[in-house]
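using only what follows, build the 3D model:
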Amino acid sequence: MGPTGSGKTALSIRLAQQFNGEIVNCDSVAMYRDFEIGTAKPTPEERGQAPHHLFDVINPNSYTTAGEYGRQARDVVNEIAQRGALPIVVGGTGLYLRALLDGFFPGPERSEDLRQRLRQRVERKGSPYLRRILRRLDSAAAEKIHANDVPKLVRAIEVCLSGRRPMSEQWQQSRDPLQGFRILRIGLDPPRAELYARINRRVAAMFERGLVEETKHLLEKYGDSARPFLAMGYREARQVAKGELTREAAFASVQQAHRNYAKRQMTWFRNEPDVHWISGFGNDPLVQQEAMIIAQRAV
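Below is the predicted model:
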């Protein structure tokens, strides 16, 4: 685990090579097909160095929940273990990691009538209005969901109203921890200034590689409502494609969004138990050596 840009992919591949491992994606946006540049997925060359799972498995016009991810990921890690290999879960989506390790309550059935009414509210008053509603119903859940993430806000409000109590309280009482594994958590914690500089360079590379052009193509292929367009980077690139934002303004906005996201990720991961934190980036040979020592001791 670790913030965006910390080198999780490089470290995971090195560990997979050392310990007969297979990599399981734990990044929500990387699960969607065809969205490449803005997701920083492992390259084809990187995927060729170790088996990778749960990348490119969702149609962009579909939507998956953390609970659904948890069930899929549990199936995958069990299959990997049955082959005698080591599952290595890698990513920065803390809620998905929690669903995999701690379980996730199924929640009440969806109410299309309620969902439609909430979407209409968004059209009239904007997504921050939904977040204010959720904050009154469940302040803990509201703090963990971005104000622009309409599907998650809608689902959280739906769960609170249908269950007649806060979603976070329902989740605590419905946990189903992963069984049959010893869990080793390794976290990357690079120096903040160096991380932000790397994030800025990564965003610059995304724009140079054609993030806006890719977004235009994806808009033509999937339409404006494709789920990944809510993700940072694609959200701003879509605005450029529509003439709503200049490329320069989008570039600065994406850099800031990634820096803010990295900060939120570290706040979340700091609450994970028993993490072996390593100061540095995952592509640093010294960091990789330290991680391998930690893993070897756990074997």
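
and for Gln255, the neighbour number?
If you count neighbours by other CB atoms under 10 Å, Gln255 ends up with 22. Just so you know, the C-beta spots here come from the backbone N, C-alpha and C atoms, and that holds for glycine as well.

for it, which three-state class applies?
helix (DSSP: H, G, I helix; E, B strand; the rest coil).

quick one: the strands in the stretch 101-250 of the chain?
Under the criterion DSSP state E, counting those that start in this stretch, strands of the stretch 101-250 of the chain are mapped to 185-188.

so where is it shaky, pLDDT-wise?
Across the stretch 101-250 of the chain, the stretches falling below the confidence threshold (pLDDT under 70) are 104-109, 171-175.

ok, which stretches of it are helices?
Along the stretch 101-250 of the chain, the stretches classed as helices by DSSP state H, counting those that start in this stretch are 112-125, 127-137, 139-143, 150-163, 167-172, 192-209, 211-222, 234-241, 247-269.

most tightly surrounded among those helices?
helix 234-241 (a mean of 23; mean count of other CB atoms under 10 Å).

ok, residues contacting it?
Taking contacts as CB atoms under 8 Å, 6 or more residues apart in numbering, the residues outside helix 234-241 that touch it are 35, 38, 148, 211-212, 214-216, 218-219, 224, 228-229, 245-247, 250, 253-254, 257.

for the residue lying closest to Pro273 once chain neighbours are set aside, give its distance to Leu134.
Ranked by CB to CB, 6 or more residues apart in numbering and with sequence neighbours excluded, the top spatial neighbour of Pro273 is Arg185, at 7.6 Å. As for Arg185, its distance to Leu134 is 29 Å (criterion: CB to CB, to the nearest Å).

still on that earlier bit, could you dump the helices of the stretch 101-250 of the chain to JSON lines with distance to Glu79?
As requested, the helices of the stretch 101-250 of the chain are arranged in JSON lines below (distance: least, CB to CB, whole Å):
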{"stretch": "helix 112-125", "distance to Glu79": "34"}
{"stretch": "helix 127-137", "distance to Glu79": "36"}
{"stretch": "helix 139-143", "distance to Glu79": "32"}
{"stretch": "helix 150-163", "distance to Glu79": "28"}
{"stretch": "helix 167-172", "distance to Glu79": "26"}
{"stretch": "helix 192-209", "distance to Glu79": "32"}
{"stretch": "helix 211-222", "distance to Glu79": "30"}
{"stretch": "helix 234-241", "distance to Glu79": "31"}
{"stretch": "helix 247-269", "distance to Glu79": "26"}
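
looking at the ones you listed, which is nearest to Gly7?
Taking CB to CB as the criterion, Gly7 comes closest to helix 192-209 out of those, the separation being 8.5 Å.

now the closest one and helix 247-269, what's the angle there?
Angle between the axes of helix 192-209 and helix 247-269 is 140 degrees (criterion: axes from the mean of the first three to the mean of the last three CA atoms, to 10 degrees).

for helix 192-209, name the packing helices and strands.
Other helices and strands packing on helix 192-209, by 3 or more CB pairs under 8 Å, 6 or more residues apart in numbering; DSSP states H and E, are helix 247-269.

any idea how far the helix it packs on is from the middle of the chain?
Taking the mean of its C-alpha atoms, helix 247-269 sits 13 Å from the chain's own mean (CA atoms, centre = their mean, to the nearest Å).

beta partners for the residue nearest to Pro273?
Taking DSSP bridges as the rule, Arg185 bridges to Val275.

next up, the contacts around it.
Arg185 is in contact with Met1, Glu272, Pro273, Asp274, Val275, His276, counting by CB under 8 Å, 6+ apart.

check Val76 too.
Shown in contact with Val76 (CB under 8 Å, 6+ apart): Val24, His53, Leu54, Pro87.
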